[in-house]
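J.: Fold the stuff below for me.
(chains A and B)
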There are 2 protein chains.
Amino acid sequence: MTVYSARLARLIEALRRLPGVGPKSAQRMAFHLLERDREGMEFLRAALEDARTGVTRCATCRMFCEEEGCRYCTGSRTATGQVCVVEGPADLMAIEYHTSYRGRYFVLMGRLSPLDGLGPEELGLDVLTRQLDGGSVKELIIATNPTVEGEATAYYLAELARSRGIKVTRIAHGVPMGGELEYVDGGTLTHALTGRQPV
Amino acid sequence: MTVYSARLARLIEALRRLPGVGPKSAQRMAFHLLERDREGMEFLRAALEDARTGVTRCATCRMFCEEEGCRYCTGSRTATGQVCVVEGPADLMAIEYHTSYRGRYFVLMGRLSPLDGLGPEELGLDVLTRQLDGGSVKELIIATNPTVEGEATAYYLAELARSRGIKVTRIAHGVPMGGELEYVDGGTLTHALTGRQPV
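T.: Numbering: from 1, shown residues only, chains lettered A, B, ... in the order given. Just a heads-up that it's a prediction; the model follows:
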């Protein structure tokens, strides 16, 4: 039984497609827009249209980019010789926002997961391989997530670079800053101990 | 410091205007749409446009309605002689969805709150008064929320109808179904006891 009128039902259905939005939230958003923010409605509509038509993928790093060119593939970034491989755009954003790293990136848009049909091709590893063969990459920094699939992807990437004589590094995994040993899980602690470094 | 490109930043800003969406959620939504649901993006854009141009307010009940007429002001509903007053569209939806009530509604789009500049005019009580004077309303059911302002609004509405000799009822407030007396708050329990009914 639908209690909504046609356009309202369609708006709620469309909002429900956003991640983390259930039926109640979608209804609340729709009513909020209709009742109190008609201007925001138009703003969102225009932003969606702009993004849909104007945001594409960079052929080099696979991050989203716009017509004026990719902001993560500039000459100064390429000159560092560093390429940081991440699983998704949000990972790139996190590194870019919180750290002073200003080298290039390569966004996999996923992780190796044969069961889900995600092989090296889907992750654009042919593109990355050509870049490694090109000779400008001096260091491959692997920043995939420390999950089973992320680790498998990291291993694959490391082999790819090592076989070409390129330096490979992996971001450190261990006790988070501000964390207490007492409450850290066993896997992380084991990782922290085996990965200990001279001071 | 903005780390996003222009269109992406605008999309994230627009999504943040939705209620309950913070910066992280907005980024996640934007990336989700760009990465995995370009079709959903177009769907949402079209739904927003449709709703913005096609959804208006019903002049009789103040609920959202579309050009084909208000589904809550039909002849059969008017014939019941009942009008249920609610604070917002979500309240109307809740009653419509969960109960068998099929009379008319009147949506205040707020509650009496002089400090916020919400007086009888803003809530459309002049419209409601004309309907009460019209003679077709036999019962006014008050379903405002049991908050201080909701109660004040209920009192005002009750006076409005009573002075015209129209029957006024208030939806029952008491122990919720499935609730246990032991854990119910004092105010609700007091209300439940004073509002006891013969069985």
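J.: from here on, contacts and neighbour counts on C-alpha atoms
T.: Noted.
J.: Check the residue nearest the centre of chain A and give its pLDDT.
T.: Nearest to the mean C-alpha position of chain A, counting by Cα atoms, centre = their mean, stands A:G88 at 1.6 Å. Looking at A:G88, its pLDDT is 92.
J.: Pull the contacting residues for it.
T.: By Cα atoms under 8 Å, 6 or more residues apart in numbering or on different chains, the residues touching A:G88 are A:107-110.
J.: Any chance of these in TSV with pLDDT, distance to chain B and neighbour count as columns?
T.: Output for those, formatted as TSV (pLDDT from 0 to 100; distance: Cα to the nearest Cα, whole Å; neighbours: other Cα atoms under 10 Å in any protein chain shown):
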residue	pLDDT	distance to chain B	neighbour count
A:V107	95	12	25
A:L108	95	12	23
A:M109	92	8	18
A:G110	91	10	19
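J.: Show me which of the residues you listed is closest to A:L92.
T.: Closest approach to A:L92 among the contacts of A:G88 (Cα to Cα): A:V107, at 7.5 Å.
J.: wait, isn't the closest one in contact with A:V83?
T.: No: with contact defined as Cα atoms under 8 Å, A:V107 does not reach A:V83; the gap is 10.1 Å.
J.: so what's the backbone phi/psi at the residue nearest to the centre of chain A?
T.: For A:G88, the backbone dihedrals are phi -150, psi 170 (criterion: degrees, to the nearest 10).
J.: how near is A:D50 to B:A51?
T.: According to Cα to Cα, to the nearest Å, A:D50 and B:A51 sit 19 Å apart.
J.: Just want to know which of the two has more residues nearby.
T.: Neighbours were counted for A:D50 and for B:A51 using other Cα atoms under 10 Å in any protein chain shown; B:A51 has more, 22 against 16.
J.: hmm, back to that, which of the contacts of A:G88 fall within strands?
T.: When strands are assigned by DSSP state E, the members of the contacts of A:G88 inside them are A:V107.
J.: Can you lay out the contacts of A:G88 as JSON lines showing distance to B:R102?
T.: JSON lines is the format used below for the contacts of A:G88 (distance: Cα to Cα, whole Å):
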{"residue": "A:V107", "distance to B:R102": "55"}
{"residue": "A:L108", "distance to B:R102": "54"}
{"residue": "A:M109", "distance to B:R102": "51"}
{"residue": "A:G110", "distance to B:R102": "51"}
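J.: Please, where are all the helices along chain A?
T.: Ranges of helices in chain A, per DSSP state H, are A:6-16, A:23-36, A:38-54, A:75-79, A:89-98, A:125-134, A:148-162, A:186-194.
J.: pLDDT weak spots in chain A?
T.: A:1-2 (pLDDT under 70).
J.: Now with 50, please.
T.: Residue ranges of chain A with pLDDT under 50: A:1.
J.: Could you chop it up by domain?
T.: Domain assignment for chain A by automatic domain parsing gives A:6-54, A:64-172+A:190-194.
J.: looking at those, which is closest to B:G75?
T.: Nearest to B:G75, of all the domains of chain A, is domain A:6-54, at 20.3 Å by Cα to Cα.
J.: Quick check, A:G81 in contact with A:S136.
T.: Yes: look at A:G81 against A:S136 with Cα under 8 Å: they come within range, at 5.9 Å.
J.: so who does the residue nearest to A:L128 when sequence neighbours are not counted touch?
T.: Once flanking residues are discounted, A:L128 sits nearest to A:F106: 7.6 Å by Cα to Cα, 6 or more residues apart in numbering or on different chains. When contacts are counted by Cα under 8 Å, 6+ apart, A:F106 touches A:60-63, A:83-86, A:128.
J.: I'd like to know how far A:F106 sits from B:E35.
T.: Taken as Cα to Cα, the span from A:F106 to B:E35 is 15 Å.
J.: returning to that earlier point: so of the helices of chain A, which one's packed in deepest?
T.: Counting by mean count of other Cα atoms under 10 Å in any protein chain shown, helix A:6-16 has the highest mean neighbour count of these, with a mean of 21.
J.: list the helices and strands that one packs on?
T.: Counting contacts by 3 or more Cα pairs under 8 Å, 6 or more residues apart in numbering or on different chains; DSSP states H and E, helix A:6-16 packs against helix A:23-36, helix B:38-54.
J.: Which elements pack onto the shortest one?
T.: Using 3+ Cα pairs under 8 Å, 6+ apart, the elements in contact with helix A:23-36 are helix A:6-16, helix A:38-54, helix B:89-98.
J.: How far away from the center of its chain is the shortest one?
T.: Taking the mean C-alpha point of helix B:89-98 and that of its whole chain, the gap between them comes to 7 Å (Cα atoms, centre = their mean, to the nearest Å).
J.: Name the residues that touch that helix?
T.: A:3, A:27-28, A:31, B:63-64, B:86, B:101-102, B:105, B:107, B:109.
J.: That helix vs helix A:23-36, what angle?
T.: Inter-element angle recorded for helix B:89-98 and helix A:23-36: 140 degrees (by axes from the mean of the first three to the mean of the last three Cα atoms, to 10 degrees).
J.: and what of the first one?
T.: Note on geometry: by the same axes, to 10 degrees, helix A:6-16 and helix A:23-36 are set 120 degrees apart in direction.
J.: Run the chain-centre distance for helix A:6-16.
T.: In terms of Cα atoms, centre = their mean, the centre of helix A:6-16 is set 29 Å apart from its chain centre.
J.: Run the angle between it and helix B:38-54 for me.
T.: Using the same axes, to 10 degrees, the direction of helix A:6-16 lies 150 degrees away from that of helix B:38-54.
J.: again with the second one
T.: Computed by the same axes, to 10 degrees, the angle separating helix A:38-54 from helix B:38-54 equals 150 degrees.
J.: Do any residues in helix A:38-54 lie close to chain B?
T.: Yes: judged by Cα under 8 Å from any Cα of the partner chain, helix A:38-54 and chain B are in contact via A:38, A:40-52, A:54.
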